[in-house]
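Trainee: here are the coordinates; sequence isn't available:
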């Protein structure tokens, strides 16, 4: 079945895995060509169907929240990773038509689910209502279209899409948020999507984060990692945990040998991503041999958050190097070093960080020509910093950049020249 999905271009897999895939290989030309297939696979209303190319009958109901939205999400990911404004412009008319049809269906639906909902598939007895997913994904579509309108649309598009996003935020809060700030839907995926898509007030965020951690803790057991989210929720679970200051929890879920987790798959002998988390329960069966990208988005989190390779603006001209480095703890199993390489559209980016035995940090990076980079590293206020063996001058400058100190436990180094840097924080 996965071979069939690969040949037909499953939009569900693309929506989940596009950005992560771009870290592993140059997908610029492939995705640009596939976007043309995607436009040709739309129906008469402008809806993106489940597959592109689409091989089924014309009247088959084949669109729905989560997978059809790949027509917008994947274009945004392509723009973010490669900075190619022409791709956004080529797909702008199709995306506008889809979004308008999607919004019209939402207004006239009166609570009915958009198209054929696949829901949060592969969840572990922790379903999320299709109406929740539908509204959350629609709001995200408008948020991303507002961003892309800067290069393909016009100021009116930008204002209109931003205003509609705010309206959908208000609708979401009215329908799914309690007076105390918690969500009415108690699934892990619901907490993750609400946080990730920017649908909550600041006060509500704190409550939802607490509830997400409580849900993970409640499900954890001697043989259970605590994760019950499906493919949609798991895509953003670890990034949300890291972003909200719970990076240790994210690393535990990554490494634990308990079911379900990526560490569990490795413990079971898996060497690639599978269609499920693997065998579980008393009657264990061999894992489905089919390849599936449903849980592969973790590699994007590893590159952008653990290794810390990302961009400030689309296209990696201004690189953001911000690894989330755990504190070294005696006797605790944690990640103490990382080496990563990314062949960006601007050139190769290499990073290496290591937490030493004495608690000091070694960070090395190499950035390509015609780029600048912002490096943010954990540091206490009294920490000393040396770049290539030398301390910055009294004006905080060094050969190739300058240092900024911040209060939130991090130090910022602005690199204005390409090349290799060796940074030590003690």
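Mentor: Looks like it arrived, so ask away. Just so you know, these numbers come straight off a predicted model, no measurement behind them.
Trainee: report the contact partners of residue 167.
Mentor: With contacts defined as Cβ atoms under 8 Å, 6 or more residues apart in numbering, residue 167 has no neighbours. C-beta: built from backbone N, CA, C; applies to glycine.
Trainee: that one in helix, strand or coil?
Mentor: helix (DSSP: H, G, I helix; E, B strand; the rest coil).
Trainee: got a pLDDT number for the residue lying closest to residue 328 once chain neighbours are set aside?
Mentor: Spatially, and ignoring its direct neighbours in sequence, residue 328 is nearest to residue 355 (4.6 Å; Cβ to Cβ, 6 or more residues apart in numbering). Turning to residue 355, the model gives it a pLDDT of 94.
Trainee: which phi and psi does residue 355 have?
Mentor: The phi/psi pair for residue 355 (degrees, to the nearest 10) reads phi -90, psi 110.
Trainee: check the one 10 residues further on too.
Mentor: According to degrees, to the nearest 10, the main-chain angles of residue 365 amount to phi -150, psi 160.
Trainee: next: residue 319.
Mentor: According to degrees, to the nearest 10, residue 319 has phi -90, psi 140.
Trainee: which residues touch the lengthiest helix in the chain?
Mentor: Secondary structure of the chain read by DSSP state H shows that its longest helix is helix 85-109. Applying Cβ under 8 Å, 6+ apart, the contact partners of helix 85-109 are 31-32, 35, 38-39, 42, 45-48, 68, 71-72, 75, 78-79, 114-115, 134-135, 138, 141-142, 145, 148, 151-153, 157, 164.
Trainee: tell me which residues of it come out buried.
Mentor: 87-88, 90-92, 94-99, 101-102, 105-106 (16 or more other Cβ atoms under 10 Å).
Trainee: also stretch 45-60?
Mentor: 46-52, 54.
Trainee: can you pull the contacts of the residue nearest to residue 328?
Mentor: Here residue 355 is in contact with 325-328, 336-337, 361 (Cβ under 8 Å, 6+ apart).
Trainee: now do the helices in the chain.
Mentor: Listed in chain order, the helices of the chain (DSSP H) span 2-8, 11-24, 28-40, 70-82, 85-109, 130-152, 155-176, 188-196, 202-219, 231-243, 247-255, 262-267, 298-301.
Trainee: can you list those helices in a markdown table and add mean pLDDT and distance to residue 313?
Mentor: Shown next, in a markdown table, are the helices of the chain (pLDDT from 0 to 100; distance: least, Cβ to Cβ, whole Å):
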| stretch | mean pLDDT | distance to residue 313 |
| --- | --- | --- |
| helix 2-8 | 52 | 32 |
| helix 11-24 | 90 | 15 |
| helix 28-40 | 94 | 17 |
| helix 70-82 | 97 | 9 |
| helix 85-109 | 93 | 12 |
| helix 130-152 | 95 | 11 |
| helix 155-176 | 96 | 16 |
| helix 188-196 | 98 | 21 |
| helix 202-219 | 97 | 25 |
| helix 231-243 | 94 | 19 |
| helix 247-255 | 94 | 25 |
| helix 262-267 | 84 | 31 |
| helix 298-301 | 93 | 18 |
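Trainee: I'm done for today, thanks for sticking with me.
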